[in-house]
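Novice: make a model of this:
(one chain, ligands or ions: 1)
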Amino acid sequence: MKLYTFPMSNNAMKVVAVIKQLGLEADSELVDLSKGKQLEPGFVKLNPNHMIPTLEDGDFVLWESNAIMQYLCSKKPGNTLYPSDARAQCDLNRWMFWQSSHLGPAVGTIQYERMIKGMLGGGPADEAVVAAALERFNRFAKVLDGHLAGREWIVGDGLSLADFSVGSCFVYAGPAGLAMDALPSVERWYAKLCALPAWAAATTPGG
Ligand SMILES: N[C@@H](CCC(=O)N[C@@H](CS)C(=O)NCC(=O)O)C(=O)O
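Specialist: All right, here's what the predicted structure looks like:
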């Protein structure tokens, strides 16, 4: 398997964390987003959205980080990260869809405005855009905080893909200026995630 990736990307980190947690092997190929390498025709042929992460497994190409994470679990039948029971699986899918539809885009916008735009020479953050994204972040993060009160992990009693998926939104909480003080249960849960060797290694750029 080959994973097309970029070290700073939270979406790539969650995939790398699953590879490590499951003990899978995958080569990684850098697609340097800072140099626009994702726009090169060879890569666009693999992923017409020109985005990483993208996985290549023989003649099978898969994009969308959450789908890739689910596919990786199929390589280790019986793993506990992605249960096969219908209700448990749909409960988990719900959080992965929620991450990619709600929390992820809000966090992505804040990170872009406050961290990435300047690095790419795009000028200062647009404060109106940041304010709108923060409003969405606060709304959805509050839902997560309420859900995690009294729970160890997002779904059921154990670590699952939901934790890796949603956890990716908090990797840059500090530099992006996310108000974590208002989210005590999220802070407690995220600290547990960070204590996992697979997560710690995957969220260290280049790790
Ligand atoms: N929904 C996608 C989002 C992927 C994504 O946003 N990738 C960014 C890096 S984090 C990217 O490759 N951007 C390059 C571009 O848009 O040209 C996923 O979960 O895989």
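Novice: skipping adjacent residues, who's closest to D91 in space?
Specialist: V155 (5.3 Å; Cβ to Cβ, 6 or more residues apart in numbering). The way it works is simple: take the backbone N, C-alpha and C, and place the C-beta from them, glycine included.
Novice: could you report the neighbour count for the one you found?
Specialist: Other residues near V155 come to 22 when the count uses other Cβ atoms under 10 Å.
Novice: residues contacting the longest helix anywhere in the chain, please?
Specialist: Of all the segments of type helix in the chain, defined by DSSP state H, the longest one is helix 127-148. Defining contact as Cβ atoms under 8 Å, 6 or more residues apart in numbering, one finds that helix 127-148 is touched by 98, 102-103, 105-107, 109-110, 113-114, 154, 166, 178-179, 182-186, 188-189.
Novice: got the residues of the chain near the ligand?
Specialist: Applying Cβ under 6 Å from any ligand atom, one finds that the chain approaches the ligand through 9, 11, 33, 38, 50-53, 64-66, 100.
Novice: select from these the one having the most neighbours.
Specialist: Neighbour counts for the residues of the chain next to the ligand peak at S65, which has 28 neighbours (criterion: other Cβ under 10 Å).
Novice: grab the nearest non-local neighbour of that residue.
Specialist: By the measure of Cβ to Cβ, 6+ apart, the closest residue to S65 outside its immediate chain neighbours is N11, 4.3 Å from it.
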